[in-house]
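Participant: Give me a 3D structure for the following:
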Amino acid sequence: SEESCPSLFPMGHQACLSSLLIEGLRLAGRDSLERDFPCIPEILNGVTVRLSNANLSIRSHGMAVAKALSTVLDATRPLEFEVDVDFQQSLSQDLREATKHLTPREEAAGDAAEIKYEQGLALVAGSTPG
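Facilitator: A predicted model of the protein is given here:
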């Protein structure tokens, strides 16, 4: 079923997908997102499915993407959730768990992507992306 779809992917993949979405939103910006990539309904559908999941990590990924999307659409009024979840920590922890098996060479290649990942997380955390 649609509700169980996020459970089909391991948690690390969930975190990677969420991080990629957050980074893509940051890079695209509102105008480009609405004009060139009319994918807001699909993103909202994915967020809805994740928010309804019983797993707190999956729900927090949905909240992180929702907050990033709302920040891109209106930076003056980002979406806030009344939960005690650190989105940045949740995504980082799930990504660390997913990549703990990497070889040193794979890990070094991943380090190059770390800067972009941190910029995307800054958007979720509410700081101004650089």
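Participant: Kindly spell out which helices and strands sit in contact with the biggest helix by length in the chain.
Facilitator: Once the chain is assigned using DSSP state H, the helix that runs over the most residues is helix 11-35. Contacts defined by 3 or more C-beta pairs under 8 Å, 6 or more residues apart in numbering; DSSP states H and E place helix 11-35 against helix 40-51, helix 56-73, helix 87-99, helix 104-125. The C-beta positions use only the backbone N, C-alpha and C, and glycine is treated the same way.
Participant: so it versus helix 56-73, what angle?
Facilitator: Helix 11-35 and helix 56-73 are oriented at 20 degrees to each other (axes from the mean of the first three to the mean of the last three C-alpha atoms, to 10 degrees).
Participant: residues of helix 11-35 that come out buried?
Facilitator: Within helix 11-35, the residues scored as buried using 16 or more other C-beta atoms under 10 Å are 11-12, 14-19, 21-26, 28, 33.
Participant: before we move on, the earlier item: hey, least reliable of the helices and strands packed on helix 11-35 by pLDDT?
Facilitator: Note on the helices and strands packed on helix 11-35: helix 104-125 shows the lowest mean pLDDT, a mean of 56.
Participant: sorry, back to before: can you check what angle separates the longest helix of the chain from helix 40-51?
Facilitator: Here helix 11-35 points in a direction 150 degrees away from that of helix 40-51 (the same axes, to 10 degrees).
Participant: For Leu27, give its distance to Ser19.
Facilitator: 13 Å (C-beta to C-beta, to the nearest Å).
Participant: Once you drop chain neighbours, what's closest to Gln14?
Facilitator: His61 (5.5 Å; C-beta to C-beta, 6 or more residues apart in numbering).
Participant: cool, Arg77 as well?
Facilitator: Ranked by C-beta to C-beta, 6+ apart and with sequence neighbours excluded, the top spatial neighbour of Arg77 is Ser70, at 7.3 Å.
Participant: how about the one you found, what does it touch?
Facilitator: Taking C-beta atoms under 8 Å, 6 or more residues apart in numbering, we find Ser70 in contact with Arg77, Pro78, Leu79.
Participant: now with 10 Å?
Facilitator: Counting by C-beta atoms under 10 Å, 6 or more residues apart in numbering, Ser70 touches Leu25, Arg77, Pro78, Leu79, Glu80.
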